[in-house]
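Peer 1: okay, here's the prediction I keep looking at, along with the sequence it came from:
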Amino acid sequence: MAGDITTIARPYAEAVFARAKESGQVDAWSEALELLAAVTSDTQLVAQIGNPTVPRESIRDLILEVCGDALPGEAVNLVKLLAENSRLEAVAEIARLFEERRVADQGVRQVLVRTAFEVDAAQKDALAQALSKRLGGQVDLEIETDSTLIGGIEIRAGDLVIDDSVRSKIKQLAHALQF
């Protein structure tokens, strides 16, 4: 299901990002989408969005009323379009994809680093410098500690995966021993 919502949201996020860049309103759109994602993620509203007996226009009007004047005109138009196309459930994913695109456009790569042990500030800085050099741009590191790796490190930057964990090496060895 998560892949489905991303497939639905991506064209909207790309179109909104293109419009935001064209109009010089990237930050305003970012704030508007963050607000819309927060509003449409409310558990009671999620239930209404998913309820086929509730008219889309009612949900649209409720969202616009809750957001009030905080939404620019084009964001209001987006809400209307999403309601018309029964795509309001994709708002949070549109916001996430927009932010991903905004960060990438600024030349910053999001990098998830999973390690078996805590990483101190000096190690984080050294890792950031090495990855910045390897990836050819600024990186924003998110560090997670995962003891199931046993030792080593796993790095994910978009489609790039570097898995130098002990767990991975044990799996490779086990696979090699099967033949």
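Peer 2: Looks like it came in fine.
Peer 1: in the longest helix anywhere in the chain, which of the residues would be classed as buried?
Peer 2: Counting by DSSP state H, the longest helix found in the chain is helix 2-23. For helix 2-23, the neighbour count (16 or more other C-beta atoms under 10 Å) marks 5, 8-9, 12-13, 16-17, 20 as buried. No exception for glycine: its C-beta is placed from N, CA and C like everyone else's.
Peer 1: which among the residues you listed gets closest to A104?
Peer 2: F17 (9.8 Å; C-beta to C-beta).
Peer 1: in space, what's closest to the closest one - neighbours in sequence excluded?
Peer 2: R101 (4.7 Å; C-beta to C-beta, 6 or more residues apart in numbering).
Peer 1: on the pLDDT front, check that neighbour for me.
Peer 2: Confidence at R101, expressed as pLDDT, is 88.
Peer 1: what's the answer for G3, then?
Peer 2: pLDDT, G3: 66.
Peer 1: contacts for stretch 49-65 next, please.
Peer 2: Under the contact criterion C-beta atoms under 8 Å, 6 or more residues apart in numbering, stretch 49-65 has outside partners 36, 39-40, 45, 48, 71, 76, 79-80, 83-84, 86, 88-89.
Peer 1: can you give me the helices in the chain?
Peer 2: 2-23, 26-40, 43-49, 56-67, 73-84, 91-105, 121-135, 166-177.
Peer 1: among those, which comes closest to D159?
Peer 2: It's helix 121-135; of the helices of the chain, that one is closest to D159 (C-beta to C-beta) at 11.7 Å.
Peer 1: quick revisit: who touches the longest helix of the chain?
Peer 2: Taking C-beta under 8 Å, 6+ apart as the rule, helix 2-23 contacts 25-26, 28-30, 33, 74, 78, 82, 87, 89-90, 93-98, 101-102, 105.
Peer 1: compute the inter-axis angle for that helix and helix 73-84.
Peer 2: 150 degrees (axes from the mean of the first three to the mean of the last three C-alpha atoms, to 10 degrees).
Peer 1: helix 2-23: how far from the chain's middle?
Peer 2: Distance, stretch centre to chain centre, for helix 2-23: 12 Å (C-alpha atoms, centre = their mean, to the nearest Å).
Peer 1: ditto for stretch 83-100
Peer 2: 11 Å.
Peer 1: next: stretch 79-96.
Peer 2: Its chain's C-alpha centre and that of stretch 79-96 lie 15 Å apart, by C-alpha atoms, centre = their mean.
Peer 1: for it, buried residues please.
Peer 2: For stretch 79-96, burial by neighbour count (16+ other C-beta under 10 Å) applies to 79-80, 82-83, 87-88, 90-96.
Peer 1: what do you get for stretch 172-179?
Peer 2: Under 16+ other C-beta under 10 Å, stretch 172-179 has no buried positions.
Peer 1: same question, stretch 99-118
Peer 2: 99, 101-102, 109, 111, 113-116.
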